[in-house]
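Student: return a 3D structure for these sequence lines:
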Amino acid sequence: MFQLPESWNLSKRINEAKQESFQSWADKTRYLSEQARSDNVVRVLSFPEYTPTGKIDMIKEFDYTHNLVTNDGEIYYAKLGAGEAAATNEDYGGTGSGTGYFDMSTTAYTEAEADTYNEYDVSGTGSITNSIQTFTSGYPKTNDTGDADNTGDATDAVSYAVNYSAASWNDTDVEQGCIHDNSSPVSATKLLSVFSFTSFAKTSSDTLKVFVNHAFENQ
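Tutor: Here you go, the predicted model:
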């Protein structure tokens, strides 16, 4: 007796399609939910591109990664929450006397909560010259609705940002970044947070914005 292949079973194929559709939706929903919190570092590289008419457009390239708040960073937040003054060597811009800095590096490494600048600046050669720069004016802040490029902003998140001009620095291999409080960091300089990038290049024609968003979850 002739029998159709099982793959021709219409009811089965409909049920499989329903399951695949649901899983696709669930995965997408779960990813978007997790991305809002986990992929909380936003990198925006803007570079010029010529149109066929000869006009120059600035193209934005986005990338996302996560960051690690260090032990020193957690102490900093705990002190601010208790209304206490942060120590002079661990004040990342949350008080009137504090100044925070972004710092970019060519060398990626595996981050750990106990890290200081000694681990970040691998062999003393990782940090990119001229990349140590203070936060963009107005940062840190919560509910960063003023810049649409910062897709990680939230009412319960603290946003940090840096804007690098085209002329500020350039490098063919940018892989790491951190936030600290020292314009001339040494090995013992404490880190608020540290994060790694998928390697990218910043040329002398590119501008670069980096946002770091720290959200506070239920504990």
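
Student: burial of residue 195, as a residue count?
Tutor: 19 (other CB atoms under 10 Å). (Each C-beta comes from the backbone N, C-alpha and C, glycine too.)

Student: report pLDDT for it.
Tutor: Residue 195 carries a pLDDT value of 95.

Student: so residue 78 is in which element?
Tutor: Taking DSSP states H and E as the definition, residue 78 sits inside helix 71-81.

Student: just the buried positions in that helix, please.
Tutor: In terms of neighbour count (16 or more other CB atoms under 10 Å), helix 71-81 has its buried residues at 72, 73, 76, 77, 79, 80.

Student: and the fourth one, what's its pLDDT?
Tutor: Spelled out, it's residue 77. 92.

Student: longest strand in the protein, please.
Tutor: Using DSSP state E, we find that the single longest strand of the chain is strand 191-202.

Student: ranges for the helices of this structure?
Tutor: 10-38, 71-81, 117-120 (DSSP state H).

Student: chain center to the shortest one: distance?
Tutor: To tie it back to what came earlier, the one meant is helix 117-120. 18 Å (CA atoms, centre = their mean, to the nearest Å).

Student: what's it packed up against?
Tutor: strand 171-180, strand 191-202 (3 or more CB pairs under 8 Å, 6 or more residues apart in numbering; DSSP states H and E).

Student: other residues contacting stretch 102-113?
Tutor: 68-71, 74, 119-123, 125-128, 131-135, 160, 162, 169, 171, 173-180, 185, 194-197, 199, 210 (CB atoms under 8 Å, 6 or more residues apart in numbering).

Student: now list the buried members of those residues.
Tutor: Buried among the contacts of stretch 102-113 by 16+ other CB under 10 Å: 68-70, 119-121, 126-128, 131-133, 135, 160, 162, 169, 171, 174-180, 185, 194-197, 210.

Student: so what touches the longest strand of the chain?
Tutor: 41, 43, 45, 61, 63, 65-70, 72-73, 76, 92, 100, 108-109, 111, 115-117, 120, 164, 169-181, 208, 212, 214.

Student: can you do 7 Å?
Tutor: 41, 43, 45, 63, 65-70, 72-73, 76, 92, 100, 108, 111, 115-117, 120, 170-180, 208, 212 (CB atoms under 7 Å, 6 or more residues apart in numbering).

Student: neighbouring strands for it, and are they parallel or not?
Tutor: strand 67-69 (antiparallel), strand 171-180 (antiparallel) (DSSP bridges).

Student: nearest to residue 150, of those strands?
Tutor: Of all these, it is strand 67-69 that lies closest to residue 150, at 14.0 Å by CB to CB.

Student: what's residue 68 in contact with, if anything?
Tutor: By CB under 7 Å, 6+ apart, the neighbours of residue 68 are 111, 113, 193, 194.

Student: repeat for residue 177
Tutor: 102, 103, 104, 105, 195, 197, 210.

Student: dump those to CSV, plus distance to residue 55.
Tutor: Shown next, in CSV, are the contacts of residue 177 (distance: CB to CB, whole Å):
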residue, distance to residue 55
102, 32
103, 36
104, 31
105, 35
195, 35
197, 30
210, 28
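
Student: any idea how far the residue positioned nearest the centre of the chain is from residue 167?
Tutor: Closest residue to the average C-alpha location of the chain: residue 41 at 1.5 Å, with CA atoms, centre = their mean. Applying CB to CB, to the nearest Å, the value for residue 41 to residue 167 is 24 Å.
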